[in-house]
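**Student:** below is the sequence, then the predicted model.
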Amino acid sequence: MENLNKYISIYKEQLKKGDILIAYNELVKFVMKLRTDFIKSLSDHYSFTGILHGYLDFTYFYYSNDFLKSKKLKFGLILNHMEMRFEVWLLGNTKPIQQKYWELSKNTKWNKDKTEMPKYSILESIIVKNPDFDNLDKLIEQIETQMMKASDEILDYLKTLN
């Protein structure tokens, strides 16, 4: 990459201002709280993994149940930093599994506008497009409701493939 020093200089400048660092840390803490709350409220539906940090692009955790595990699939609750929205992704445990389920779901409503498989997932569902981070309790409730709705809908679809 040309001019990497230039990009690093800009990066350092932005970090010194502090706003990006504060926002990123608060967003990660919020996703951690979501996971903790969901373990308490949804453990009868799903098991949850630890938080994963992307490259300032995504913060996420996986969740799954016996049905998904039997198909070598899992869900991800994703905070998409670039779009600043929450999404549910269906993912495969391996690339061949992802490719198999992409072929089976490329004509669904989730993939209707896509001509190729998403980079990291089989399908993606936007669940909260414009999160209000000034009302975290309401946002947690909204994310949980929409996550469960999207997950149930995707599971229902997957069960038709058997």
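**Tutor:** Arrived safely.

**Student:** could you use CA atoms for every contact and neighbour count after this?
**Tutor:** Noted.

**Student:** the residue positioned nearest the centre of the chain: helix or strand, and which one exactly?
**Tutor:** Centroid-nearest residue in the chain: Ile78, 1.7 Å away (criterion: Cα atoms, centre = their mean). Following DSSP states H and E, one finds Ile78 within strand 73-80.

**Student:** nearest residue to the residue nearest to the centre of the chain other than its sequence neighbours?
**Tutor:** Tyr60 (4.5 Å; Cα to Cα, 6 or more residues apart in numbering).

**Student:** contact partners of whichever strand or helix holds the one you found?
**Tutor:** Taking DSSP H and E as the definition, Tyr60 sits inside strand 58-64. The contact list for strand 58-64, computed with Cα atoms under 8 Å, 6 or more residues apart in numbering, reads 28, 31, 35, 46-54, 73-81.

**Student:** helix, strand, or coil at Glu124?
**Tutor:** Under DSSP: H, G, I helix; E, B strand; the rest coil, Glu124 falls in the strand class.

**Student:** can you name the residues that contact the closest residue in space to it that isn't next to it in sequence?
**Tutor:** In space, and not counting its chain neighbours, Glu124 is closest to Trp89: 4.4 Å by Cα to Cα, 6+ apart. By Cα under 8 Å, 6+ apart, the contact set of Trp89 is Phe75, Gly76, Leu77, Ile78, Ser121, Ile122, Leu123, Glu124, Ser125.

**Student:** change it to 7 Å
**Tutor:** Shown in contact with Trp89 (Cα atoms under 7 Å, 6 or more residues apart in numbering): Phe75, Gly76, Leu77, Ser121, Leu123, Glu124, Ser125.

**Student:** and if you look at Ile127?
**Tutor:** Taking Cα under 7 Å, 6+ apart as the test, what Ile127 contacts is Phe86, Glu87, Val88, Ile143, Gln146, Met147.

**Student:** what do you get if the cut-off is 6 Å, keeping everything else the same?
**Tutor:** Phe86, Glu87, Gln146 (Cα atoms under 6 Å, 6 or more residues apart in numbering).

**Student:** also Leu73?
**Tutor:** Leu73 touches Leu91, Gly92, Asn93, counting by Cα under 6 Å, 6+ apart.
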